[in-house]
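1. sequence plus the predicted model coming up.
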Amino acid sequence: MSAPLHLYLHVPFCVRRCTFCNQKIYPATPETCKAYANALLAELEATAPDFSGDPVQTVYWGGGSPTALSQDDFARIMRRIRELFSLAADTEVTVEALPNRVDASWMVAFQNTGVNRLVLGLATARIPEQERIGSANNMPSSETSLILPQLFHLPGYEATLLYGIPGQTAANFATSLRFAVKYKVSALRLDPLTLPKGVEETVCRDEVPAMLDYAARHLTEKGYHEYLPGRWAKPGQECRDLLARQSTENYLSFGPGTTTRVDGNLSRTTENIAVYTLHPQEPELLYKPVTGA
């Protein structure tokens, strides 16, 4: 009997590391990204036969930055996913992207591969805060990334904003929030800044409640609702992938350091990217059950 299925593809590469990033990422080179794309394909092909006919509800590309891959490799993987799994016309296909990595050519690639939702890592719309956290974004790229989905009629796009940036005030945060709303994002994700270990924290924590209070008032006024803590969306624009992670439905994750859930059982993929890249079809090397779950 078929059961709802969700797919997550992890791309642990970025062109550069932002100061505030605490993810395990690797420098993106054409050679490493090509080898990784081949490994993702091999793992997908090895896994798919066990889920033949299960209707895929969501496909989510996360990272890192999935747009660190070449457009050819991205398209190649998306084509193979559609060949291997059962995707419907309304399957939610989401890609996380940094504003400085989104341009018209990527929007065409998204259209051609059935991507219907973007998550844009805006972080902040204020230049001093972008510089303070070492963000790779800038204002022209941020504005462009929020305009392009409208020009290409993308059904949904979400902006991620950070609060608790060193030196950030409630008024500063409100400026970034209004900036995102002005460009008619369909959803917003509000995340606290988590600084890497060893980085001195100079955040004024007294400002954070005022930031969140303003966000709740402003977003409610603009027609958004909070469907999960810190996750706001217009009606019908909630992230179905995120809701699936809170459920018990089968959730297949591809890539190192990811967790898969099948029939309530959890397994975790090795975090060793070399092992993953060299042995994507050898489950005894890739996966370990998650104990105590």
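-> Structure received.
2. how about the strands in the stretch 151-293 of the chain?
-> Assigned by DSSP state E, counting those that start in this stretch, the strands in the stretch 151-293 of the chain fall at 156-163, 187-192, 225-228, 231-233, 250-254, 259-262, 265-269, 287-289.
3. minimum distance to C14: which of those has it?
-> Nearest to C14 among these is strand 156-163; the distance by CB to CB comes to 14.9 Å. Heads up, the C-betas are built off the backbone N, CA and C, glycines and all.
4. I figured Y183 hits I147, correct?
-> Yes: under the criterion of CB atoms under 8 Å, Y183 makes contact with I147 at 6.7 Å.
5. neighbour count: those two, which is higher?
-> A count of neighbours by other CB atoms under 10 Å puts Y183 above the other of Y183 and I147, at 18 against 12.
6. and the more buried one, what is it in contact with?
-> Y183 is in contact with 143, 146-147, 150, 159, counting by CB atoms under 8 Å, 6 or more residues apart in numbering.
7. and for V102?
-> Taking CB under 8 Å, 6+ apart, one finds 67, 118, 120, 141, 144-145, 148 in contact with V102.
8. gap between it and V290?
-> Look at V102 and V290: by CB to CB, to the nearest Å, they are 34 Å apart.
9. what's the answer for H225, then?
-> 33 Å.
10. then T144?
-> Separation of T144 from V290 (CB to CB): 40 Å.
11. neighbour-wise, which of the two wins?
-> Between T144 and V290, T144 has the larger neighbour count (other CB under 10 Å), namely 16 against 13.
12. my read: that one touches W106, true?
-> No: in this structure, T144 is not within contact of W106 by CB under 8 Å, at 11.0 Å.
13. where does this structure have low pLDDT?
-> Residue ranges of the chain with pLDDT under 70: 1, 16-22, 195-204, 291-293.
14. what segments of it are helices?
-> Secondary structure of the chain (DSSP state H): helices at 30-47, 71-84, 104-113, 127-132, 139-151, 170-182, 208-221, 240-245, 273-278, 283-286.
15. next, format those as CSV and append distance to R231.
-> What follows is the helices of the chain, written out as CSV (distance: least, CB to CB, whole Å):
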stretch, distance to R231
helix 30-47, 27
helix 71-84, 25
helix 104-113, 22
helix 127-132, 22
helix 139-151, 18
helix 170-182, 14
helix 208-221, 11
helix 240-245, 7
helix 273-278, 29
helix 283-286, 31
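16. so for H6, which of these sits nearest?
-> Evaluated with CB to CB, the helices of the chain place helix 240-245 nearest to H6, the distance being 4.5 Å.
17. for the closest one, packing partners?
-> strand 5-11, strand 55-63, strand 86-97, strand 225-228 (3 or more CB pairs under 8 Å, 6 or more residues apart in numbering; DSSP states H and E).
18. which other residues reach that helix?
-> For helix 240-245, the external contacting residues (CB under 8 Å, 6+ apart) are 4, 6, 8, 57-58, 60, 92, 94, 227-228, 231, 251.
19. stretch 74-92 too?
-> Here stretch 74-92 makes contact (CB under 8 Å, 6+ apart) with 5, 7, 9, 37, 40-41, 44-45, 48, 51-60, 66-67, 69, 93, 109, 112-117, 239-241.
20. and these, which are buried?
-> Among the contacts of stretch 74-92, those classed as buried by 16 or more other CB atoms under 10 Å are 5, 7, 9, 37, 40-41, 44, 48, 51, 54, 56-60, 66-67, 69, 93, 109, 113, 115-117, 239-241.
21. on that earlier part again, just put the helices and strands packed on helix 240-245 in JSON lines and tack on distance to L219.
-> Formatted as JSON lines, those follow (distance: least, CB to CB, whole Å):
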{"stretch": "strand 5-11", "distance to L219": "27"}
{"stretch": "strand 55-63", "distance to L219": "23"}
{"stretch": "strand 86-97", "distance to L219": "20"}
{"stretch": "strand 225-228", "distance to L219": "8"}
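22. A210 is nearest to which of the ones you listed?
-> For A210, the closest of the helices and strands packed on helix 240-245 is strand 225-228, at 17.0 Å, according to CB to CB.
23. partner strands of that closest one, parallel or antiparallel?
-> The strands that strand 225-228 pairs with in its sheet are strand 231-233 (antiparallel) (by DSSP bridges).
24. and the partner strand, how far from the chain's centre?
-> Taking CA atoms, centre = their mean, to the nearest Å, one finds the center of strand 231-233 at 15 Å from the center of the full chain.
25. hmm, who's touching it?
-> 158, 186-190, 215, 219, 224-227, 238-239, 242.
26. now these: which count as buried?
-> With burial judged by 16+ other CB under 10 Å, the buried subset of the contacts of strand 231-233 is 158, 186-190, 215, 219, 224, 238-239, 242.
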